[in-house]
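Colleague: with the input below, show me the fold.
(one chain, ligands or ions: 1)
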Amino acid sequence: MDVDITSSKFSYTMFKELAQFMELKEQAVDILAVVISVLPINSFTNEFGPGKVQDFVIINEENIPLQLSMFNKFIDIEGQQIAETINNFPVIICRRLKVKFFNGVTLSTRLDSTILVDPPAHEARQLKIWAGQNALLFSQIIKEKSYTRYNPDLFLQSPQKFTLIFYLQPTQKFAWVKASLSFQNIFQRYWYMACKKCYKATDAFHGHPYLCNKCSEYQEAVPRCRFDVNLADNTGNVTATLFGELAEKLLTYSALDAMQYFIRNVELPLEHVHEALKTKLFAVQIQPAQSRYGYLQQRYTVVHFYEENQGEENKSPSTSICINMASNFDETDNLGVTSPLASFETAQISTTKKTKLA
Ligand SMILES: [Zn+2]
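Modeller: Here you go, the predicted structure:
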């Protein structure tokens, strides 16, 4: 286990700076945080075989809760140690974590990560004292599960750089565009039947349990909102897909509503939405989506959006936003948003050769 890192001061990455390291295979970050919640262990099987993952909710003085996923060996030792001392605000120093995009920013262990629980470091003691003074805030976070939601604070810190649509590159992981939105001329249905847990599309009947081949367990089939919008600025336009609550927010209907209209073969009344959109400008965060069927045009997924002419205080959505599940939909496959397990395992393989704990 590391000894030297506690004696020599090392610099941590602030949570607000994490977004820039997302999905970069060669980049890892070091953080200092207090663990405020231990979530259950989940088993999974992917192309590399069976494994297990456990999520921990962490926070620091920035007051932004994040999820840290520990894989396999970390669960048995460091995870166990954290679970046993969870009521005493365990402080952790983590080195070489991977930054991922999954409903916002999340962190996960790599094979070569190091986790120190309650290390005898000055900063760790300071953070523990801070934690003791903020127990109420933590219980609120745990109750509201705010750590599972997209947190715009993690993306909007630095002055945003907007890209003109003409200059969008499919190689860009994320881009912000300032655009008008419209979908009046796109003929589409606004929902698909999905696994309640992983959102993969299914033919199962609404409300019926079925064996989801992605989850490898019985799940309920529920309608999920999904539709395409056209994003336009002065330089061009591009099509992007919205999913889940983000889609419902723009549509002003729930997926269940959309499904019921569809079943009755009645067109969804959307005039008021189309009219309202004509006068609005949005800041939209998008990421490239890869199509299996070879669409001629590059497609995108909307990760987040807010109305441009609204005040600062309205930028953060008040409702929970569930995003990025495009990769689970049959027709699209996101480049950047794969399951946290898949991308982790890729990282594991790529770092195996140089694995050596400091
Ligand atoms: Zn599923």
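Colleague: Val222 contacts Gly207, doesn't it?
Modeller: Yes - counting by CB atoms under 8 Å, Val222 does reach Gly207; the two are 7.4 Å apart. In this view, the C-beta of every residue, glycine as well, is placed from N, C-alpha and C.
Colleague: neighbour count winner among those two?
Modeller: Val222 (19 against 10; other CB atoms under 10 Å).
Colleague: and the more buried one, what element?
Modeller: Counting by DSSP states H and E, the element that carries Val222 is strand 217-233.
Colleague: same question, Ala33
Modeller: Applying DSSP H and E, one finds Ala33 within strand 29-46.
Colleague: now check that strand, is it near the ion?
Modeller: No - using CB under 5 Å from the ion, strand 29-46 never reaches the ion; the gap is at least 11.6 Å.
Colleague: summarise which helices and strands that strand is packed against.
Modeller: On a contact count with 3 or more CB pairs under 8 Å, 6 or more residues apart in numbering; DSSP states H and E, strand 29-46 meets strand 49-59, strand 66-71, helix 80-84, strand 91-101, helix 122-132, helix 135-144, helix 340-351.
Colleague: the ion: which of the ones you listed is closest?
Modeller: Evaluated over the helices and strands packed on strand 29-46, closeness to the ion peaks at helix 340-351, with 13.0 Å, by CB to the ion.
Colleague: rounded mean pLDDT for the closest one, please.
Modeller: Model confidence over helix 340-351, given as mean pLDDT, is 36.
Colleague: repeat for stretch 62-75
Modeller: 94.
Colleague: do stretch 256-271 as well
Modeller: 94.
Colleague: how long is that stretch from one end to the other?
Modeller: Counting by CA to CA, to the nearest Å, you get 19 Å between the two ends of stretch 256-271.
Colleague: how about that stretch: buried residues?
Modeller: 257-261, 268 (16 or more other CB atoms under 10 Å).
Colleague: likewise for stretch 85-93?
Modeller: Those would be 89-93, for stretch 85-93 by 16+ other CB under 10 Å.
Colleague: got the domain ranges for the chain?
Modeller: For the chain, automatic domain parsing gives the domain ranges 4-151+345-351, 174-335.
Colleague: how about a markdown table for those domains, with distance to Lys161 added?
Modeller: Output for these, formatted as a markdown table (distance: least, CB to CB, whole Å):
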| stretch | distance to Lys161 |
| --- | --- |
| domain 4-151+345-351 | 11 |
| domain 174-335 | 7 |
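Colleague: the ones you listed: lowest mean pLDDT?
Modeller: domain 174-335 (a mean of 82).
Colleague: anything in it near the ion?
Modeller: Yes - applying CB under 5 Å from the ion, one finds domain 174-335 in contact with the ion at 195, 197-198, 212, 214-215, 219.
Colleague: so how far is Arg226 from Val266?
Modeller: Distance, Val266 to Arg226, by CB to CB, to the nearest Å: 19 Å.
Colleague: could you export the strand holding Ala33 as PDB, CA atoms only?
Modeller: Extracted in PDB, the C-alpha atoms of strand 29-46 (Å, rounded to 0.1, in the frame of the first residue of the first chain):
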ATOM      1  CA  VAL A  29      -7.400  11.400 -11.700                       C
ATOM      2  CA  ASP A  30      -6.500  11.500  -8.000                       C
ATOM      3  CA  ILE A  31      -9.200  12.600  -5.600                       C
ATOM      4  CA  LEU A  32      -9.800  13.200  -1.900                       C
ATOM      5  CA  ALA A  33     -13.400  12.600  -0.700                       C
ATOM      6  CA  VAL A  34     -15.600  11.500   2.100                       C
ATOM      7  CA  VAL A  35     -17.800   8.500   1.500                       C
ATOM      8  CA  ILE A  36     -21.400   9.100   2.600                       C
ATOM      9  CA  SER A  37     -23.200   6.000   1.300                       C
ATOM     10  CA  VAL A  38     -22.500   2.400   0.400                       C
ATOM     11  CA  LEU A  39     -24.800   0.900  -2.200                       C
ATOM     12  CA  PRO A  40     -25.300  -2.800  -2.800                       C
ATOM     13  CA  ILE A  41     -22.900  -5.000  -4.700                       C
ATOM     14  CA  ASN A  42     -24.100  -6.000  -8.200                       C
ATOM     15  CA  SER A  43     -22.900  -8.900 -10.200                       C
ATOM     16  CA  PHE A  44     -22.500  -8.800 -14.000                       C
ATOM     17  CA  THR A  45     -21.200 -10.800 -16.800                       C
ATOM     18  CA  ASN A  46     -19.600  -9.200 -19.800                       C
END
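Colleague: pull the distance from that strand to the chain's centre.
Modeller: Averaging C-alpha positions (CA atoms, centre = their mean, to the nearest Å) puts strand 29-46 14 Å from its chain's average.
Colleague: mind listing what's buried along it?
Modeller: 29-38, 44.
Colleague: over to stretch 202-209?
Modeller: 202, 204.
Colleague: and that stretch, end to end?
Modeller: 11 Å.
Colleague: ok, Pro90 - contacts?
Modeller: 34-35, 81-82, 117-118 (CB atoms under 8 Å, 6 or more residues apart in numbering).
Colleague: let's see that with 10 Å instead.
Modeller: Neighbouring residues of Pro90 by CB atoms under 10 Å, 6 or more residues apart in numbering: 33-36, 38, 56, 58, 78, 81-84, 117-118, 124, 128, 131.
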